[in-house]
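Trainee: Have a look at this prediction, sequence included:
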Amino acid sequence: MGILRIYPDKNNSIASGVYRNFNAGQNAVTDLFYGGGGTDTAPEKRNSYSRFIVHFDLTDLQSKIANVDINTGLTVTYKLKMKNAIPKDKVLESEYEFDVLNKNIAASFDLICFPINKDFDEGRGYDLGKEDYLVKQVGNPLITGYSNWNYATSTMAWDAPGVYTDPTGSTAVTSYSAQHFDLGNEDIDMDITDIVNGWILSGDTNYGLGVAYRRDYELLSTDTRYISSFFTKHTNTAYKPFIEVSYNQAFKDDRADVTNNRVCRLFLYTFSGHNPTNYYSASTVSIKTYAGADVYTGLTPTQLETGVYYVDVWMSGATKGQQYKDVWQGVTFNPGYDQQDYTQFFTIQNNFYFTNAPQVNNYAITTYGLDNNSIVNTEETIRIYADVRVNFSTNYPKNHYDLQYRLVMNNQEAVIPWTSFNSAVINNCVSNYLVLETKWLLHNQTYEIQLRMNELGTVRTLPERVKFKVLRNF
């Protein structure tokens with residue numbers, strides 16, 4: 001499973017009623033609250049609720065999709081993730097300025113996530129407790145700013161206060177997500193695939209997302225204000241909110257293991273110098289005998305990712321030991337200047353299902369491409385290879401193993417879950433590799449690549465590790 005994290009470029013918290021000038025764009029935590037009004041209609045006690053707005057720049061994601069670094073033809077999902085911060089004691093202190101206003105950590109509630117319809121300014125409001133926003137309300141706040149409940153910027157109002165009066169009831173919101181919180185200490189983990197697809201595939205304008213309590217909670221009037229808190233982009237921790245892009249593009253090249261009793265996948269890899277590159281156009285692929293007789297013609301290649309193409313073939317009439325070639329015809333990189341055929345070879349192997357003697361092996365793994373304990377910057381793309389051989393020998397394993405990796409941050413958070421290495425066959429050599437892009441990794445954090453082997457019903461963690469630290473590219 002490929003993973004990409006997109007961190008926000010701006011965010012803010014806004015609130016209704018007496019907090020209409022409330023701005024907390026620079027705060028490390030957003031406090032989402034509702035209630036606190038009861039039946040008292042005095043301005044100091046009327047019901048109020050807050051919402052969180054956040055924007056993510058998707059330019060890099062759109063570039064990756066255009067280059068097929070991320071293939072939207074495969075399963076791609078998008079999730080909004082925010083770490084629960086638990087409201088601080090000072091935020092939860094009761095107020096006695098008028099009547100007693102109790103505060104409590106919210107539990108048993110639903111949050112919604114919805115696209116907003118205007119660009120907004122983040123604002124310069126900072127500490128909610130220090131500025132008496134939530135501790136008590138005395139006079140005017142020391143810092144107001146834009147955006148706030150009524151305005152997206154200093155010159156542009158929202159269509160309705162709070163972006164929408166009722167986000168899920170607005171005709172302008174065609175898709176939204178919801179999540180139930182049982183205890184109140186859960187993290188936000190919402191599937192926003194439909195929203196993001198609207199931005200990148202359907203041409204909807206990306207103004208950002210809003211996070212709010214479901215409307216029926218916002219309208220509750222109680223003498224208790226209920227609060228839930230989440231880290232924002234300004235937190236001085238590794239818990240910044242992000243959109244997690246998940247996609248499954250790991251592949252296994254069957255060129256070294258083509259048999260006559262299954263469909264096999266043959267790949268072509270195209271490079272410009274040392275870098276994978278997409279060709280401009282190609283016609284078809286033919287499968288021929290070694291002597292040149294056609295077996296299949298007119299096969300249409302499919303692109304999997306940047307510089308990686310494949311066709312599926314079933315060599316039903318072949319026998320073990322026969323050699324064939326796949327001819328990729330009319331490959332063009334620069335129209336009018338080049339056009340060429342690529343010819344590759346493969347040999348039919350033993351029956352895939354019956355003649356491979358299963359055996360669990362001990363393996364020796366050698367990684368290269370990134371040295372252990374390296375320091376990398378935030379603008380690198382690194383290919384990391386893993387050579388696999390049976391321990392105490394130089395033999396490449398015959399089993400159909402699955403070498404996997406995961407990326408762990410600060411020894412505690414799996415940023416990339418267990419994912420299969422790509423397995424490519426180039427010049428008759430099997431290469432297991434992964435592509436590590438550091439642009440979306442948080443700087444000044446320590447990461448570790450861990451390995452495991454999935455083979456014949458066994459899953460074994462391997463002792464090899466690759467540790468590195470990411471520093472900002474100055």
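Mentor: Good, I have the coordinates. Numbers count the residues shown, from 1 in each chain.
Trainee: List the buried residues for stretch 82-92?
Mentor: 82-85, 87, 91-92 (16 or more other CB atoms under 10 Å). (Each C-beta comes from the backbone N, C-alpha and C, glycine too.)
Trainee: try stretch 107-120
Mentor: Applying 16+ other CB under 10 Å to stretch 107-120 flags 109, 111-118, 120 as buried.
Trainee: who's in contact with the helix or strand where Cys113 lies?
Mentor: Taking DSSP states H and E as the definition, Cys113 sits inside strand 109-115. In this structure, residues lying in contact with strand 109-115 by CB atoms under 8 Å, 6 or more residues apart in numbering are 32, 80, 164, 167-168, 173, 175-181, 184, 188, 190, 192, 195, 198-199, 204, 206-214, 217, 226, 228.
Trainee: buried subset of those residues?
Mentor: Buried by 16+ other CB under 10 Å: 32, 80, 164, 167, 173, 176-177, 179, 181, 184, 188, 190, 192, 195, 198-199, 204, 206-214, 217, 226, 228, out of those.
Trainee: Can you flag which of those residues belong to helices?
Mentor: 195, 198-199, 217 (DSSP state H).
Trainee: quick one on the thing from earlier: among the buried residues of stretch 107-120, which one lies nearest to Thr75?
Mentor: Cys113 (20.8 Å; CB to CB).
Trainee: What are the boundaries of the strands in the stretch 201-350 of the chain?
Mentor: 209-213, 224-231, 242-247, 264-269, 271-272, 275-276, 285-289, 294-299, 302-305, 308-313, 323-331, 340-347 (DSSP state E, counting those that start in this stretch).
Trainee: just the strands in the stretch 1-150 of the chain please.
Mentor: Applying DSSP E, counting those that start in this stretch to the stretch 1-150 of the chain gives strands spanning 2-6, 10-15, 29-35, 50-55, 76-82, 102-105, 109-115.
Trainee: any idea of the angle the last one forms with helix 193-200?
Mentor: Relative orientation of strand 109-115 versus helix 193-200 (axes from the mean of the first three to the mean of the last three CA atoms, to 10 degrees): 20 degrees.
Trainee: Distance of Arg389 relative to Gly25?
Mentor: 55 Å (CB to CB, to the nearest Å).
Trainee: higher neighbour count, these two?
Mentor: Taking other CB atoms under 10 Å, Arg389 and Gly25 do not tie; Gly25 has more neighbours (25 against 15).
Trainee: hang on, isn't that one packed against Pro8?
Mentor: No: contact status for Gly25 versus Pro8: not in contact, 11.3 Å apart, counting by CB atoms under 8 Å.
Trainee: Just the closest of the buried residues of stretch 107-120 to Tyr146, please.
Mentor: Among the buried residues of stretch 107-120, Phe120 lies closest to Tyr146 (CB to CB), at 7.9 Å.
Trainee: hang on, the closest one packs against Ser147?
Mentor: Yes: with contact defined as CB under 8 Å, Phe120 reaches Ser147; the gap is 4.2 Å.
Trainee: Overlap in contacts, those two.
Mentor: In contact with both Phe120 and Ser147: 12, 53, 153, using CB under 8 Å, 6+ apart.
Trainee: Now render these as TSV, adding neighbour count.
Mentor: As requested, these are arranged in TSV below (neighbours: other CB atoms under 10 Å):
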residue	neighbour count
Asn12	29
Ile53	26
Thr153	13
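Trainee: what residue ranges in this protein are flagged as low confidence?
Mentor: Along the chain, the parts satisfying pLDDT under 70 run over 37-46, 90, 93-100, 127-144, 354-358, 394-396, 398, 474.
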